[in-house]
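1. With the input below, show me the fold.
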Amino acid sequence: MLKFELQYTDSKTNARAGVITTDHGQIETPIFMPVGTAGTVKGVHLTELKEDVKAQIILGNTYHLYLRPGLEVIERAGGLHKFNGFDRPMLTDSGGFQVFSLSGIRKLREEGAEFRSHIDGSKHIFTPERVMDIERTIGADIMMAFDECCPGDADYQYAKRSMGLTHRWLDRCITRFNETTPKYGYHQALFPIVQGCVYPDLRKRSAEYIASKGAEGNAIGGLAVGEPTEKMYEMIELVNEILPTDKPRYLMGVGTPVNILEGIERGVDMFDCVMPTRNGRNGMLFTKHGIMNMRNKKWEMDFSPIEEDGASVVDTLYSRAYLRHLFHAQELLAMQIASIHNLAFYLWLVGEARKHIIAGDFATWKPRMVEQISTRL
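-> Predicted structure coming up:
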């Protein structure tokens, strides 16, 4: 079984520090998980990911891995860990968000979601049972249940129908999960996902339903998808009042560094987002002192390190002027440096939050840090 030890809870907030134990190692929470959509974190070598970024767990994407390289390749390799060489814990999402974002080329029904590949237009169907089988083959330590990701601006009736479908699909996921066994000799856990859009009664009902399943961990989905930020925080608070305290809580696809600190304050343990790498590839750096746009002319003659006290080795290897030059010259190294820097910063940030939760001063540290990292440099 996946194990979760809750070690500390902040006395003035709901922030928590704990340890998740999987067969591929331990994860100290709160934690940020770099997104490795197609089995790779874009622009980051495996040794950099482990030694510089210090990633304890990464994500793989079920939809993308299913389409390419395909299940036959992954199974022949011995699972995703063997295929990409990452020997620490991994999590796979269910592909639900990707399928439902293909609004023009998918059909949704009770059986599952029929869609066309964005690669070659071929037709496929994801059912709860099929997704469980795919995630077993990929072999991540944590598997996500198949759900419908409801848009943040959905009306009440749509959100209610969507939540009901997610719950029925969850029951089918659990049945199929219990009928099957891991393929590669280590334990896999299944996390269900709370939905309900921005409607408190739906979120409450969904959280109660998910909590009743007694899963090894639980997730909050359908946020940071267009709803106001304050609504997101409200839903997190409501849901975490219901989800069990002795199981890890995963907020899916969120978000900015400030979002993450706000989530931690409200009792979230696990986060993922493409923002550090996607924004990094476009020249945006998150730092301990604020946000830097490395394309700006102000860095042209700035030969100081990218960040004097940065979390990554690359921060002192290269100057701001040099990184700006790389972006303007459209050199691939620019995107690599920025991705490594941002990921290392995100891992540093959750690590610092953990330290302050343990020290008992998270409630005073967090507002100062929010102000600091929000500054535009």
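
2. Helix or strand for residue 124, just tell me which one.
-> strand 123-126 (DSSP states H and E).

3. Give the burial count for residue 317, as a bare number.
-> 11 (other C-beta atoms under 10 Å). Every C-beta, even on glycine, is put in place using the N, C-alpha and C of the backbone.

4. Sorry, wrong one. I was asking about residue 8.
-> 15.

5. Hmm, residue 357 and it touching each other?
-> Yes: the pair residue 8 / residue 357 is scored as a contact, 5.4 Å apart, by C-beta atoms under 8 Å.

6. which neighbours do these two share?
-> Shared contacts of residue 8 and residue 357 (C-beta atoms under 8 Å, 6 or more residues apart in numbering): 16, 17.

7. Pull out the C-alpha coordinates of the helix or strand containing residue 259 and format them as PDB.
-> If you go by DSSP H and E, residue 259 is part of helix 257-265. Below are the C-alpha coordinates for helix 257-265, written out as PDB (Å, rounded to 0.1, in the frame of the first residue of the first chain):
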ATOM      1  CA  PRO A 257       3.800  30.000  -7.200                       C
ATOM      2  CA  VAL A 258       1.300  32.100  -5.300                       C
ATOM      3  CA  ASN A 259      -1.500  29.600  -6.100                       C
ATOM      4  CA  ILE A 260       0.700  26.900  -4.700                       C
ATOM      5  CA  LEU A 261       1.300  28.700  -1.400                       C
ATOM      6  CA  GLU A 262      -2.400  29.500  -1.100                       C
ATOM      7  CA  GLY A 263      -3.100  25.800  -1.800                       C
ATOM      8  CA  ILE A 264      -0.600  24.700   0.900                       C
ATOM      9  CA  GLU A 265      -2.200  27.100   3.400                       C
END
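
8. which strands and helices sit next to it?
-> Where contact means 3 or more C-beta pairs under 8 Å, 6 or more residues apart in numbering; DSSP states H and E, helix 257-265 is packed against helix 229-240, helix 332-359, helix 362-374.

9. partner strands of the helix or strand just after it, parallel or antiparallel?
-> Later in the chain than helix 257-265, the nearest helix or strand by DSSP H and E is strand 270-272. Strand 270-272 has the following strand partners under DSSP bridges: strand 31-33 (parallel), strand 249-251 (parallel).

10. Worst mean pLDDT across the helices and strands of the chain, which element?
-> helix 96-101 (a mean of 78; mean pLDDT, DSSP states H and E).

11. Now the strand holding residue 124: average pLDDT?
-> Across strand 123-126, the average pLDDT comes to 94.

12. Over to stretch 197-211?
-> Per-residue scores along stretch 197-211 average to 98.

13. elements contacting the helix or strand that comes right after the least confident helix or strand of the chain?
-> Helices and strands here follow DSSP H and E; after helix 96-101, the next one along the chain is strand 106-108. For strand 106-108, the elements it packs on are helix 96-101, strand 113-116, judged by 3+ C-beta pairs under 8 Å, 6+ apart.

14. quick one on the thing from earlier: buried deepest among the strands paired with strand 270-272, which one?
-> Counting by mean count of other C-beta atoms under 10 Å, strand 249-251 has the highest mean neighbour count of the strands paired with strand 270-272, with a mean of 27.

15. Go ahead and confirm residue 35 touches residue 277.
-> Yes: at 7.1 Å, residue 35 counts as touching residue 277 under the criterion of C-beta under 8 Å.

16. Let me know which of the helices and strands packed on strand 106-108 is the nearest to residue 321.
-> helix 96-101 (38.5 Å; C-beta to C-beta).

17. C-alpha coordinates for the least confident helix or strand of the chain, PDB please?
-> Only the C-alpha atoms of helix 96-101 are listed here, as PDB (Å, rounded to 0.1, in the frame of the first residue of the first chain):
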ATOM      1  CA  GLY A  96      -9.500  13.100 -19.100                       C
ATOM      2  CA  PHE A  97      -8.400  16.700 -19.300                       C
ATOM      3  CA  GLN A  98      -6.700  16.100 -22.700                       C
ATOM      4  CA  VAL A  99      -9.700  14.300 -24.100                       C
ATOM      5  CA  PHE A 100     -12.200  16.900 -23.000                       C
ATOM      6  CA  SER A 101     -10.000  19.700 -24.300                       C
END
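
18. Can you pull the phi and psi angles for the nearest residue to residue 71 once chain neighbours are set aside?
-> Spatially, and ignoring its direct neighbours in sequence, residue 71 is nearest to residue 137 (4.8 Å; C-beta to C-beta, 6 or more residues apart in numbering). In terms of degrees, to the nearest 10, the main-chain angles of residue 137 are phi -70, psi -40.

19. hmm, what's the outermost residue in the protein?
-> Ranked by distance from the centre of the chain (C-alpha atoms, centre = their mean), the top residue is residue 301, with 36.4 Å.

20. Quick one: residues contacting the residue nearest to that one when sequence neighbours are not counted.
-> Closest residue to residue 301 apart from its sequence neighbours, by C-beta to C-beta, 6+ apart: residue 321 at 6.0 Å. Counting by C-beta under 8 Å, 6+ apart, residue 321 makes contact with 299, 300, 301, 302, 303.

21. Residue 321 falls within a helix, correct?
-> Yes: counting by DSSP: H, G, I helix; E, B strand; the rest coil, residue 321 falls inside a helix.

22. any idea of the pLDDT on it?
-> pLDDT, residue 321: 98.

23. Equivalent analysis for residue 115, please.
-> 89.

24. any idea how far residue 121 is from the closest residue to it other than its chain neighbours?
-> Nearest residue to residue 115, sequence neighbours excluded (C-beta to C-beta, 6+ apart): residue 106, at 3.7 Å. Computed as C-beta to C-beta, to the nearest Å, the residue 106 to residue 121 distance reads 12 Å.
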